[in-house]
Every structure is written in C-alpha cells, then in structure tokens.
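**Student:** Sequence and predicted model, in that order:
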Amino acid sequence: MSELASHSAADAALDATVQTDPASLRRSVAAGAIGVFVHWFDWAVYAYLATTIAAVFFPAENQVAGVLSVFAVFAVSFGIRPLGALVFGPLGDRIGRRRTLSIVIIVMSISTLAIGLLPGYATLGIAAPILLVAIRLVQGFAAGGEFGSAASFLAEHAPRARRGFGVSWLEVGSLLGFLAGSFAFYLLSVSLTPEQVTAWGWRIPFLVAAPMGVIGYVIRTKIEDTPEYRVLEATGSVSRSPISELFRTNARQLFQAAGIMTMMHVLFYAVLTYLVNYQTDHLGHSAESAALLSTFVSLLGLVLVPVFGRLSDRIGRKPVLVGAAVALLVSATPAYLLMQTGMVGTVVAALGLSVILSAILGTHAVWAAEIFPTRTRQGGLSIAYNITAALFAGTVPFFMTVLITATGSLLVPGPYLMVAAAIGLVAALSMRETAGTSLLQEQDLGAGAGVPRASGSVAGKGNS
C-alpha cells in the first residue's frame, strides 16, 4: 500500500473515532484543562500571598527583602520551566500524552501540598526558605511539561471541525485558575484577621489545591491516549529521538510557535497582572477599583476565548490571529493614551486589550499544535511555550517598571506591546492555514509501517 493511501486510511480511522464520541471529548477537555487550572490557581495564590509568605519563611528584620525573596523564588520557578519542557515535552512524544499529563499533575500537586505543610522560619530557621526554593523548583520543573502535554492532548482528541473550540478550553482553564486564586485570597482577607492569615490561614488554598490535582490525576489516568499517538504506536512510527528530530526537521515551526507565544505572553501579563500595578502606581486609581477591573477583564476572557476558538474553526486560524496582531499593533499606544484620561478611559482601554488577548488565547495553542507533526508536537509546544515564558512572561512587570522610571513616560507599555505584536504578526504571516487539516503529517508515517494493523486499533477503542 502506498504512503498516501496509508495516510488516508489512518486519517479516516481518526475521524471516525473523535467525531462519534462527544462524551469522550468532554472528558478530554476536563483532563486537559484541569492541570492548567491547578497550576494557575497555585500561581495566583502564591503571588497574592507574597507578603504573608515572606513573613512566614524569611527573617522578620527586613520585610521588603523578604517580599523580594518570595518573588525571586517565584522567578526561579519560571526560569526552570524550560528545563522541564526539554524533559517532559520529548518524553510525551516517546511514551504518550496521557502518561506525561499524569506525571506532571501529580508532581505539581505533591509540591503544592508540601508548601501548604512546610513549617516556617520560626520552626526550621534557614532550612525553611531553602526547602521553599527546592519545592518551587520541583513545581516549576513539572509545570514546564503541563502546557505542551495538555495542548497536544486536547488537539489530538478534538474533532478536526471543532479543534479550535476544543483546545481553547485550555486557556479557559488558566483564566478560571487565576480567578479562583484571587477569589481564595479575597475570602481569606474578609474571613480571617491578618494575624490568623499569617499563622495558618495562608496554608488553606495550597492544601485545597492538592486534592484538585489528585482529582485531575485520576481523570487523566482513566482516559485513553490520543488517536494520533495510537496511530504512531500501531505503525511503529513513534520517534526514538524526538528532541533531535524536532531541531533537525521542525526548527521553522519551533520559531513560528515561539513568535506567537511571545506576543501572547507579553499581552497576557501586561493585561492580567501588570495593569493592576499600573493603575495604582501611575494612574492614581484605588487598589479596589484596579482589582475589580482585573476581574472583569478575566471574566470577559472566559466568555470570549472559546468564541474565538470556534471562530477560528469557521474562518481559519490565520485571519483571527493576524487580525489580533494587527489590532494590537495599531491600538496598543492609543490604549495607554486613553488610560490617562481617567477611570472610564482605563476601563474602555483594558476591555479592548482584553478582547485582543482573548482572540490570541483562543487561537494560539491550536495553531501551534497543528503546525507540528505528531512525532514532535508535544516537544515543540512545550519548548516554544516555556522558553518564551521564561524570557517574556514574568519579566513584563520588571521591564515596564524600569522603562517607565528611565523615560518618565507612562506610555512605555504601548510601544512594548507593539514590539510583541510585530513579532507575533511576522510569525503568523509566515504560518500556513491549518484549520480543518489532519494532525497526521507525512513526517509522522514516513518512518513507520505505514498503516494501522487494523482499524480497531484506533477507531475501535474509542476515546473512553
């Protein structure tokens, strides 16, 4: 049988599998999204409780130094993620998406539980911050494998006609986690005294997150691996050296995905994290109004992200993402000009940027998944996402603060976002349209036996 014919046979089997079992698609979405929910819940809680964690784990003589140390630990956990991506990404291309998803979420959950149970400086002395750093390093290492594993898993489980919609729920999970973390902090603030929060209350969100991770682990272990990966197994086409194959044959896709991810990371952190500080530090708005606006921005994203994911299924990934990049390039600086006019202008500008962010969040993951062949998909997604996150995500507040201080201009975030938009636009224009295409590419089956041993080896199993 020819390679083209075998590709068509595998493709038909895949379509039969993923399009006839909508219940499995819902289970797949839950399995893929719950990990990013837990991860972002932990991230938000840690960030909001930075002052409290500093008081618990660092000497009380210098509170500012303690807070800076907490954020330094946070930054270190970001910095180690590329290493986790280099391990878990190619590992998922070798042993399957489901296994790496299960490993990653259980490691993250154990780490979160360990933070919630870790004694403070008053009990352990210098060992307390050392152990905190070690736990965050383990947690960051595991988190480096979460996005690529989950995005690959969701893309390969979703029907091709609704793949954009299915994968967009990955970012819905991240926004929900972010909101849940901020809500947990709010509940602690209104229900406990500051002394109670410092004594024991701060541990509650971390202890709650651990069981959620265990639930995610159970969900992930009870669902089959993706149809595409099973085709690779059935045809003997699983890559033995996915990392070397990725850099040797898919370097172009890696750079394209990194360009898209750079734009996404910069805008995400500018809108959902730094904008709160920008309002309070430079625009004179109250912390309450800034936090309320941040909540509205996140809620708008929850609604619009799957809408844009579905839109990309209908009109294509390229029109949505190119349109978002152009909109950001044109409107970034005017948005920050509008913020200078008062609270109403700030609200309008923030909501406008949120719409653009939602378009990017609803499309970037599925498009990045579709440009990689199945043999190197998880490694490519993991590396592109985490290297750009380490370079451009957590650094957004730092660089914007430094640039505003150096220039004295409150418009600095505008040009900063424009640079990110230009990078994303160049990457998007260089990418082919992939909506509705097969995730199995010629590179996937060229090295294997060519055709599944029997249609039952793929379609017969279903996704249950």
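**Tutor:** Okay, I see it.
**Student:** what residue ranges in this protein score low on pLDDT?
**Tutor:** For the chain, the stretches with pLDDT under 70 are 1-24, 60-71, 74, 394, 446-464.
**Student:** go again using 50 as the cut-off
**Tutor:** 1-6, 16-20, 448-464 (pLDDT under 50).
**Student:** where along it do the strands fall?
**Tutor:** Taking DSSP state E to define them, one finds no strands in the chain.
**Student:** Show me which residues of stretch 76-86 are buried.
**Tutor:** 77, 78, 79, 80, 81, 82, 84, 85, 86 (16 or more other C-beta atoms under 10 Å). In this view, the C-beta of every residue, glycine as well, is placed from N, C-alpha and C.
**Student:** Return the distance of the closest residue to the third one other than its chain neighbours relative to residue 84.
**Tutor:** The spatially closest residue to residue 79, leaving aside those adjacent along the chain, is residue 390, at 5.5 Å (C-beta to C-beta, 6 or more residues apart in numbering). Residue 390 is 10 Å from residue 84, where distance means C-beta to C-beta, to the nearest Å.
**Student:** what comes up buried for stretch 126-140?
**Tutor:** By 16+ other C-beta under 10 Å, the buried positions in stretch 126-140 come out as 128, 129, 131, 132, 133, 135, 136, 137, 138, 139, 140.
**Student:** what would those look like in TSV with distance to residue 45?
**Tutor:** Putting those into TSV (distance: C-beta to C-beta, whole Å) gives the following:
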residue	distance to residue 45
128	18
129	18
131	18
132	14
133	18
135	14
136	13
137	18
138	17
139	12
140	15
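**Student:** for those residues, which one is nearest residue 315?
**Tutor:** residue 140 (37.2 Å; C-beta to C-beta).
**Student:** Residue 153: what's it in contact with?
**Tutor:** 28, 31, 32, 97, 98, 101, 226 (C-beta atoms under 8 Å, 6 or more residues apart in numbering).
**Student:** Would you confirm that residue 400 contacts residue 416?
**Tutor:** Yes: Residue 400 lies in contact with residue 416 (C-beta atoms under 8 Å); the separation is 6.2 Å.
**Student:** Now the common contact residues for these two.
**Tutor:** residue 270.
**Student:** how much space between residue 401 and residue 382?
**Tutor:** From residue 401 across to residue 382, the span is 30 Å (C-beta to C-beta).
**Student:** Same check on residue 268?
**Tutor:** Taking C-beta to C-beta, one finds residue 268 at 18 Å from residue 382.
**Student:** Who has more neighbours out of those two?
**Tutor:** residue 382 (33 against 24; other C-beta atoms under 10 Å).
**Student:** So that one sits against residue 143, correct?
**Tutor:** No: using C-beta under 8 Å, residue 382 is not in contact with residue 143; the gap is 10.5 Å.
**Student:** Overlap in contacts, the two.
**Tutor:** With C-beta under 8 Å, 6+ apart, residue 382 and residue 143 have common neighbours residue 84.
**Student:** I'd like to know which of the buried residues of stretch 76-86 are part of helices.
**Tutor:** Among the buried residues of stretch 76-86, the members found in helices (DSSP state H) are 77, 78, 79, 81, 82, 84, 85, 86.
**Student:** of all these, which comes closest to residue 321?
**Tutor:** Residue 321 has its nearest neighbour among those in residue 85, at 22.2 Å by C-beta to C-beta.
**Student:** quick one, what contacts that closest one?
**Tutor:** Counting by C-beta under 8 Å, 6+ apart, residue 85 has contacts 144, 145, 148, 379, 382, 383, 385, 386, 387.
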